[in-house]
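**Q** next input, structure requested:
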Amino acid sequence: MHMITAIYNLFWGDIFTLPLPGGGSVGISLLVLILIPAGIFFTIRTRCLPVRCFPEMVRVTVEKQSGGKNGAISGLQTLIVSTATRVGMGNLVGVVAAVSVGGAGAVFWMWITAVIGASTAFAEATLAQLHKREDPVYGGYRGGPAYYIHDFFRRDNPRKCPLSVLFALSALLCWCGISQVIGNSVSSSFYNAFHIPPIVTTAVLVVTAALIVLRRESSIKVLDIIVPIMAAFYFGITVFVIVKNAALLPGVFQKIFAEAFGLRQAAAGGFGAALMNGVKRGLFSNEAGSGSAPCAAAAAKVSHPAKAGLLQAFGVFVDTLVLCTCTAMIMLLVPEETLSGLEGMELLQAAMYHHFGQPGVIFIAITLWLFSFSTFIGILYYARSNVSYLFDSSRKAQTAYKLLCLGMLFIGGLAAYTFVWELGDIGIALMTVFNMMVLLPMSGKAIRSMKEYEQLRKAQRQKK
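**A** Prediction:
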C-alpha cells in the first residue's frame with residue numbers, strides 16, 4: 001500500500017508548488033504539468049480548433065453515417081462509446097468533490113480544461129485512425145495508442161514494441177480498477193436510496209453486465225440505446241432546475257467567475273484551490289491525452305481520418321461543458337447551508353432532494369447506475385484493441401479479460417475500499433505518460449490530416 005500510494009502521489013500529488021500573491025500557493029502535479037502544456041501546444045498547432053471548427057464538429061456528428069459491414073461501426077457510434085466511458089462517476093461525485101473543495105470557481109477551470117483538451121483529443125483520435133488495423137476477432141477495425149506507438153518505433157517490424165506493451169498493460173490495469181470502483185459506487189448508492197443490500201445490487205449488476213459483454217455484438221447496440229437516453233434525461237432535468245431557479249442564475253455565474261480568480265476568497269489560496277480542482281476534474285473527466293478514446297476512434301468507418309478526430313473533440317465538449325456543468329448547476333442552485341457538512345454522493349443526493357424531494361434521490365441513484373453501467377461496457381470495448389495487441393487475435397484472451405473485469409465488478413460491489421482503486425488511477429497516469437511520449441512527436445501527421453480535410457471541405461463547398 002505504501003508503494004502504491006507513493007506511485008500515486010508521484011503522478012497525481014503536487015510535485016512542486018507555486019507561490020501566489022497574498023500568501024497562498026498552487027500545487028502542480030506531474031499529470032497537470034504534462035497535459036495542460038500539451039493541450040496548449042495542440043490548440044496552437046490546430047489554430048484553436050475547438051473554437052474554429054466547432055460548427056464542423058456538430059456537422060460531422062449529425063451527418064448521415066453508416067458503419068458498413070463485417071463489424072465496422074460508424075463514427076457516431078465510436079463517439080457514443082467514448083462518451084459512455086467519459087460520462088460516469090466523475091460527472092457526478094467528481095464534480096461535487098471539485099466544487100466542494102475548490103468552490104464555484106472550479107467550474108470555470110473545468111471549462112477551460114475542456115477547450116484545451118479538445119485539441120489533444122483530436123490529435124490522438126486522428127492518429128488512431130491513420131494507424132488502425134483490421135480486426136479478425138470482432139470484425140471491422142482496431143487500434144489506438146499501442147498501435148501508433150508501435151508504428152512510430154517499429155514501422156513494418158511485427159515484433160512487439162516494449163512501449164506499446166507497457167501502454168496496453170497500463171490500460172488493462174486501469175480498467176480493472178475502474179471496474180471495481182463502478183461496483184462499489186452502484187451498490188453504495190442503491191443502499192443509500194433504497195436500502196438494498198450490496199450483495200443483491202452487485203449480483204444483478206454483474207449478471208446483467210455478463211449477458212451483454214460476453215456476447216459478441218451486444219455492447220455497441222446497448223450503448224446506442226443507453227447513452228443518448230441517459231444524457232438527454234440528465235440534461236433535461238438540469239434544464240428544468242435552471243428554469244425553475246432562473247432568478248438565481250445571474251448570481252451563480254457571477255460566483256463562478258469571481259471565485260475562479262479568487263476574488264471572493266480571503267486569501268490567494270482560494271484561487272489555487274479553484275484552479276487545481278477544476279483542472280484536475282476536467283482532466284479526469286474528459287480523458288484527453290490518456291489514450292482511452294482513441295481505442296474507440298480507431299474502430300470508426302469514416303470517409304476521412306480527421307472526422308474521427310473531430311468527433312472525439314466534440315465528445316470532450318459533451319462531457320465537460322454539458323454534463324459536468326449540469327451537475328455543477330444542480331449543486332450551485334441550492335442554498336449553501338443546505339449542503340453544509342456533506343460530501344460525495346450524500347451532497348449530490350441532498351441537492352437533488354432540495355429540488356425534487358425523495359424522487360430526486362431515487363433519480364440520481366438510477367442515473368449513477370446507468371452512467372456506471374455504460375462506463376463498464378465502454379471500457380471493455382476499449383480493452384479489445386489492447387488485449388489483441390498483447391495476445392494477437394486470441395478469443396480466449398478476450399474472454400479471460402472480460403471475466404477478470406466482471407470479477408472486479410463483483411468484488412468492488414462488496415468491498416468498502418481496496419488498493420485496486422489506486423491502481424486504476426496509476427494505470428491512467430501511466431497510459432497518459434506513455435501516450436504523450438509519442439503523441440507529441442507524431443502530431444505533425446494529425447495536423448497534416450486536418451489541413452487536408454479542410455481543403456477537401458473547402459473544395460466541396462465551392463462546387464455547391
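**Q** could you check the pLDDT of L342?
**A** Per-residue pLDDT puts L342 at 68.
**Q** under the pLDDT cut-off, which ranges of the stretch 101-250 of the chain? List them.
**A** 101-102, 216-220 (pLDDT under 70).
**Q** now the helices: where do they sit in it?
**A** Counting by DSSP state H, counting those that start in this stretch, the stretch 101-250 of the chain has helices at residues 105-130, 145-153, 162-194, 198-213, 218-244, 249-260.
**Q** got the angle for the fourth one vs helix 218-244?
**A** The one in question is helix 198-213. Going by axes from the mean of the first three to the mean of the last three CA atoms, to 10 degrees, helix 198-213 is angled at 120 degrees with respect to helix 218-244.
**Q** before we move on, what about the first one?
**A** In this structure, helix 105-130 runs at an angle of 150 degrees to helix 218-244, with the same axes, to 10 degrees as the basis.
**Q** pull the distance from helix 105-130 to the chain's centre.
**A** In terms of CA atoms, centre = their mean, to the nearest Å, the centre of helix 105-130 is set 10 Å apart from its chain centre.
**Q** show me what counts as buried in stretch 374-389.
**A** 374-389 (16 or more other CB atoms under 10 Å). Every C-beta, even on glycine, is put in place using the N, C-alpha and C of the backbone.
**Q** what's the answer for stretch 451-464, then?
**A** The neighbour-count check on stretch 451-464 (16+ other CB under 10 Å) flags Y453, R457 as buried.
**Q** same check, this time on stretch 228-241
**A** So for stretch 228-241, counting by 16+ other CB under 10 Å, buried means M230, A231, Y234, I237, T238, V241.
**Q** now, which of the residues you listed sits nearest L406?
**A** M230 (21.7 Å; CB to CB).
**Q** surely that closest one touches S374?
**A** Yes: applying CB atoms under 8 Å, one finds M230 in contact with S374, separated by 6.9 Å.
**Q** related to what we said a few turns ago, out of the buried residues of stretch 374-389, which sit inside helices?
**A** Mapping these onto helices (DSSP state H) picks out 374-389.
**Q** which one of these is nearest A306?
**A** For those, the nearest to A306 is S385 (20.3 Å; CB to CB).
**Q** which non-adjacent residue is nearest that closest one?
**A** With CB to CB, 6 or more residues apart in numbering as the criterion, S385 has its nearest non-adjacent residue at 4.3 Å, and that residue is R142.
**Q** repeat that for I7.
**A** Closest to I7 by CB to CB, 6+ apart is I426, at 5.4 Å.
**Q** tell me, how many residues neighbour that neighbour?
**A** By other CB atoms under 10 Å, the residues close to I426 number 22.
**Q** per-residue confidence at it?
**A** pLDDT, I426: 80.
**Q** again with L92
**A** For L92, pLDDT reads 68.
**Q** same deal with the one 4 residues further on?
**A** pLDDT for V96: 73.
**Q** ok, it to V334 distance?
**A** 11 Å (CB to CB, to the nearest Å).
**Q** what's the answer for A350, then?
**A** Distance, A350 to V334, by CB to CB: 8 Å.
**Q** compute the inter-axis angle for the helix ranked longest in the chain and helix 105-130.
**A** Determined from DSSP H, the single longest helix within the chain is helix 420-463. Following the same axes, to 10 degrees, one obtains 70 degrees for the angle between helix 420-463 and helix 105-130.
**Q** now for helix 420-463, which elements pack on it?
**A** helix 2-12, helix 30-45, helix 105-130, helix 145-153, helix 162-194, helix 305-316, helix 395-414 (3 or more CB pairs under 8 Å, 6 or more residues apart in numbering; DSSP states H and E).
**Q** any idea how far it is from the middle of the chain?
**A** 15 Å.
**Q** next: stretch 179-193.
**A** On CA atoms, centre = their mean, the centre of stretch 179-193 falls 19 Å from that of its chain.
**Q** ok, K132 touching Y141?
**A** Yes: using CB under 8 Å, K132 is in contact with Y141, at 4.5 Å.
**Q** now do the shared contacts for those two.
**A** A298, A299 (CB atoms under 8 Å, 6 or more residues apart in numbering).
**Q** re earlier: just give the number of residues close to the residue nearest to S385.
**A** 26.
**Q** so who does it touch?
**A** K132, R133, E134, D135, A298, A299, R384, S385, S388.
**Q** look up how far Y353 lies from the closest residue to the first one other than its chain neighbours.
**A** Put plainly, it is K132. Sequence neighbours aside, G143 is the residue nearest to K132 in space, at 3.6 Å (criterion: CB to CB, 6+ apart). Distance of G143 to Y353, given as CB to CB: 45 Å.
**Q** where in the stretch 251-400 of the chain is pLDDT low?
**A** 262-286, 341-345.
**Q** recalculate using a threshold of 90.
**A** 251-303, 308, 311-312, 314-385, 391-396, 398-399 (pLDDT under 90).
**Q** what is the burial count for the closest residue to V51 other than its chain neighbours?
**A** Ranked by CB to CB, 6+ apart and with sequence neighbours excluded, the top spatial neighbour of V51 is V115, at 7.4 Å. Neighbour count for V115, taken as other CB under 10 Å: 20.
**Q** for the one 10 residues further on, same thing?
**A** A125 has 34 neighbouring residues, counting by other CB under 10 Å.
**Q** E124 reaches L440, doesn't it?
**A** No: E124 is beyond contact range of L440, at 10.6 Å (criterion: CB under 8 Å).
**Q** of those two, which one has the most company?
**A** The residue with more neighbours, out of E124 and L440, is E124; 30 against 16, by other CB under 10 Å.
**Q** name the nearest residue to the more buried one, sequence neighbours excluded.
**A** Nearest one to E124, counting by CB to CB, 6+ apart, is P294 at 4.7 Å.
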